[in-house]
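[1] Let's see this in three dimensions:
(chains A and B, ligands or ions: 4)
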Amino acid sequence: MSIVLIAVGSLLALAAIFGAILGFASVYFKVEGNPLVDQIDALLPQTQCGQCGHPGCRPYAEGIAAGEDINKCPPGGESTIAALADLLGVEAKPLDAEHGESQGKRVAYIREDECIGCTKCIQACPVDAILGAAKQMHTVIVDECTGCDLCVEPCPVDCIDMVPLSVSIRDWGWERPSQKDMHLGQKLIVTDRMTDTSKDPDDQEAA
Amino acid sequence: MRKLWDFHGGIHPPENKRQSTSRPIRIAGIPKQLVIPLQQHIGAAARAVVEVGQQVKKGELIADAVGAVSVPVHASTSGTIVATEDRPVAHPSGLSDRCIVLEADGEDLWTELQPCPDYKQLSTAGLLAKVRNAGIAGMGGAGFPTEIKLHPPKNDKVNALILNGAECEPYITADDMLMRERADWIVKGLEIMAYLLEPEEVFIGIEDNKPEAIEALRQATQQTKIHLVVVPTKYPSGGEKQLIKILTGLEVPHGRIPADIGVMCQNVGTAAAVYRAVRHGEPLISRITTVTGQSVRSPGNFETRIGTPIEFLLQEAGYQAESAGRLILGGPMMGFSLSHENLPITKTTNCILAATAEEFPDPLPEQNCIRCGMCEAVCPAELLPQQLYWFARSEELEKAESYNLFDCIECGACAYVCPSSIPLVQYYRFAKNAIRLSQAEHQKSDKARERFEFRKLRLEREQEEKAAKRKARAEAAAKAQAERKQREASSDTAANTGRESDAASKQAAVAAAVERAKAKRQNPAKQNPKESGQENKPLEQQLQLPSTEELKANIEKAKAKLEKVRAALTDAENKGSPTVDKMRAAVTKNEERLAAAELALRKASDAAKHTNAPSASENAPSAAERQPQVEKVETAASALDSEALQANLQKAEDKLAMMQGMLTDAIQENDPKKVAKLERAVEKNRERVASARKALNAVTDPVAQQ
Ligand code: SF4
Ligand code: SF4
Ligand code: SF4
Ligand code: SF4
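    Ligands and ions are numbered 1, 2, ... in the order given. So this is what the prediction gives:
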């Protein structure tokens, strides 16, 4: 009998000790922030355009963590949806058209001779990509602009355009080889396949 | 006999070099027009320092280096600058880049040069400046600024300086001919480099398939400490890392450069250019380029001015355009196809290969990898090409990177032996680019996130500061009022102070009014879209006819816009404003857009009808029958639109009011430039209000009539 009591007692004691340790750990090693939100936020494009219905990417990340649909971000497009689906282990869905379509990369361009320096665009820009002081013309820092469109509407003189980012020779890159390229033989290095090697005059002369 | 090492893999493709070595180097003529790109090297593009119409002499600086990693560009002959613009350049993308266009005057007069008979008289810095100012960039193909590679290392010393004369790629013989005919320039250039770098050993590495060049170099190096090392012919022994391995047995570790292991590699062409620059003060304005392939009648090597159109050079070699298949820049292993001949020769153009279709038949179609492992056996970088291919194909970029994709030198040996004729190198290039792109994107989005967070913080702080200020102001005002009351009570107020405080209180009142007005202005603008949005929804839902409703909405939008533009046009015509033409163009554009939208709708509804097969026969109405239906939708949609239009009008009016306020401010400030701008803006906004009102009327009237 006493053996049973001892066993039960010691188990209870152990449970109490471990419970206390766990309780301590949960208080002292508490993870700051929400790692899932961080992970989701890392996948969002950070355009901060608000097309998803949230005031920025992080709030949408929080929304997704709370169970919102993953297909509301047009700038991210299908690739972001795929990445999110991968992270969350859910099915990838097509982009929800209600929030707009994904467009190519664009940046804002201010026609400077029309700008009156009202600073309205500066206030609208979510990433402080517009430079200028009151009553002076404003300029967009192209490298910082995320192409979110938010500065276009507030401009009283409509001098902001969204221009597509053109591919310059410096940021051009090779594309995936396709059957089409191969047929044309364009843009492919030449003897990267076996070509007819019998026509080397050196060899012929040697023979 | 020195001990030589061997590198892993390698191949022995047919050399095809003899065609272009049977004739001595010919001096190519000077074309009428030269197109000189500002970026012919790795690093920042040079910046043009000449103006259109300016006369330049041969060798004159026309574009200066920008920053540390850059080289200047010089006029290749004397003449007139006719343009600085984007022109197509020899690049796999086929895109254009900034070039200076120089019209030759035919005299070919040198600018004043500064020769230097004895380079040892010059300081290190002086010598380096000469190399830099001559615009020399690695002429083997990469185009890295030579001066940077000649800076003596500060702490470690250079164990070996290697002059790369291997020239292992088939067809190319530019270095071979240069070594045969101008071995003394090369050796003297190498001596200058050695003087700067003070290496322990100096090598010239040359493949054993160039006996004439070896002989010439042997003669030229007789009195020197330079080791002439003949290496067995094997592609790609001319690869920097491969040649280092052959000559020294050293391997460049992953992710490092040869300088990290105390080795410096230079190309033979670069050495000759350094000699010309130091001894004669000549900048780099020409190079030796091989023109070969079965489509040219007399293949050979040409001393070509930088900026010469490829077409011109091809003509010099007897180009037969009819027989031409592919035009290749560089060699058949690592070069790329060009889409046309009107592209300029640059400092790195070592070969133009005009091949017939039989010489370079179209590649066979790609087949599945049979995992034969031949690619792995030949890879000089000791990679696993097959694995890299699988990862690149399935876009598993991280895995590709962890299999050292970036160590691939894109030599093409793997693709050359692949029995399935898979374009392996293209896959690697694609994967490398995709990795770089995604890294850049990541960086950008990280930056955007940071800036967004920072802005949030800043806004919060400003809010707090504002609140604090407001509080302080309120307190101050209360205090002032109390004081004034006190003073009034004491009745002995000096007239002056009274006026002053009066002014102050007036100012405060004005500020308050402005604040109020602002709030008013902002509120309706903020509420309106919301309201209209809410009211729109049910209507929209009523309207929803499956599959075509979107298109209909599009039509509505297009119609509304068209009307707006039309209204604006009549407006403009009445006023005789100068924008009439523009407006007219806008109207036609919008009409086109509307037509397109209607067409799309018709197509869609037709398609829908086809799919609704059972009821198709009874339900196939003629265009006339369909009309009223569309109209009904239209009027319903107009009702819906009127809300939006009203909101628009409101917004436009608000904006106009704001602008007018700004204009009066500007007039007070007496800023004529701004006044003009604002006047324009006010005018624009007034037009917009008018058109919005008209559009609204146009929509509401028919609704009211019904
Ligand atoms: S829609 Fe815009 S704000 Fe929302 S997550 Fe995408 S980029 Fe960020
Ligand atoms: S400049 Fe305009 S488009 Fe660019 S990030 Fe700022 S608000 Fe968005
Ligand atoms: S050589 Fe071609 S087929 Fe053979 S393993 Fe390599 S990639 Fe596959
Ligand atoms: S192209 Fe790259 S993977 Fe292929 S053999 Fe050359 S170094 Fe190796």
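[2] any idea which element B:Ile62 lies in?
    Assessed by DSSP states H and E, B:Ile62 sits inside strand B:61-64.
[3] Give me the contacts around that strand.
    With contact meaning Cβ atoms under 8 Å, 6 or more residues apart in numbering or on different chains, strand B:61-64 is reached by B:36, B:38, B:46-50, B:56, B:72-75, B:81, B:100, B:102, B:133, B:283. Any C-beta I mention is one placed from the backbone N, CA and C, and that applies to glycine too.
[4] Okay, and which of those map to helices?
    B:Asn133 (DSSP state H).
[5] Which members of the contacts of strand B:61-64 are classed as buried?
    Buried residues within those, counting neighbours by 16 or more other Cβ atoms under 10 Å in any protein chain shown: B:36, B:38, B:46, B:48, B:50, B:56, B:72-75, B:81, B:100, B:102, B:133, B:283.
[6] Can you check the pLDDT for A:Pro126?
    On pLDDT, A:Pro126 comes in at 87.
[7] correction: B:Glu376
    Reading off the model, B:Glu376 has pLDDT 93.
[8] same thing with the one 10 residues further on?
    On the pLDDT scale, B:Gln386 is placed at 93.
[9] and which of the buried ones among the contacts of strand B:61-64 is nearest to B:Ala90?
    Proximity of those to B:Ala90 (Cβ to Cβ) peaks at B:Ile36, which lies at 12.5 Å.
[10] Torsion angles phi and psi at B:Pro365?
    phi -60, psi 150 (degrees, to the nearest 10).
[11] so it sits right up against B:Ser420, yeah?
    No: using Cβ atoms under 8 Å, B:Pro365 makes no contact with B:Ser420, being 9.6 Å away.
[12] picking up where we left off before, closest to B:His91 among the buried ones among the contacts of strand B:61-64?
    B:Leu38 (13.2 Å).
[13] Contact partners for the closest one?
    B:Ala45, B:Ala46, B:Arg47, B:Ala48, B:Ala63, B:Val73, B:Asp97, B:Arg98, B:Cys99, B:Ile100.
[14] need those in a markdown table with distance to B:Glu359 and pLDDT, can you?
    Formatted as a markdown table, these follow (distance: Cβ to Cβ, whole Å; pLDDT from 0 to 100):
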| residue | distance to B:Glu359 | pLDDT |
| --- | --- | --- |
| B:Ala45 | 35 | 88 |
| B:Ala46 | 37 | 89 |
| B:Arg47 | 41 | 90 |
| B:Ala48 | 40 | 90 |
| B:Ala63 | 37 | 91 |
| B:Val73 | 34 | 93 |
| B:Asp97 | 30 | 90 |
| B:Arg98 | 34 | 91 |
| B:Cys99 | 31 | 93 |
| B:Ile100 | 35 | 93 |
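[15] Skipping its backbone neighbours, what lies nearest B:Ala83 in space?
    B:Val101 (4.1 Å; Cβ to Cβ, 6 or more residues apart in numbering or on different chains).
[16] what's the distance between the one you found and B:Ile36?
    According to Cβ to Cβ, to the nearest Å, B:Val101 and B:Ile36 sit 8 Å apart.
[17] Run a quick neighbour tally on A:Pro164.
    By other Cβ atoms under 10 Å in any protein chain shown, 11 other residues sit near A:Pro164.
[18] looking at it, it is touching A:Ala108, isn't it?
    No: A:Pro164 sits out of contact with A:Ala108 when judged by Cβ under 8 Å, with a separation of 11.6 Å.
[19] Can you show me the helices along chain A?
    A:2-28, A:35-43, A:57-65, A:77-88, A:120-124, A:179-184, A:201-206.
[20] Just the buried residues of the longest one, please?
    Right, helix A:2-28. Buried, per 16+ other Cβ under 10 Å, within helix A:2-28: nothing.
[21] gap between it and the chain center?
    47 Å (Cα atoms, centre = their mean, to the nearest Å).
[22] Tell me which residues touch the residue nearest to B:Glu316 when sequence neighbours are not counted, please.
    The shortest distance from B:Glu316 to any non-neighbouring residue, by Cβ to Cβ, 6+ apart, is to B:Ala28 (5.3 Å). Going by Cβ under 8 Å, 6+ apart, B:Ala28 touches B:Phe302, B:Glu303, B:Thr304, B:Arg305, B:Thr308, B:Phe312, B:Leu313, B:Glu316.
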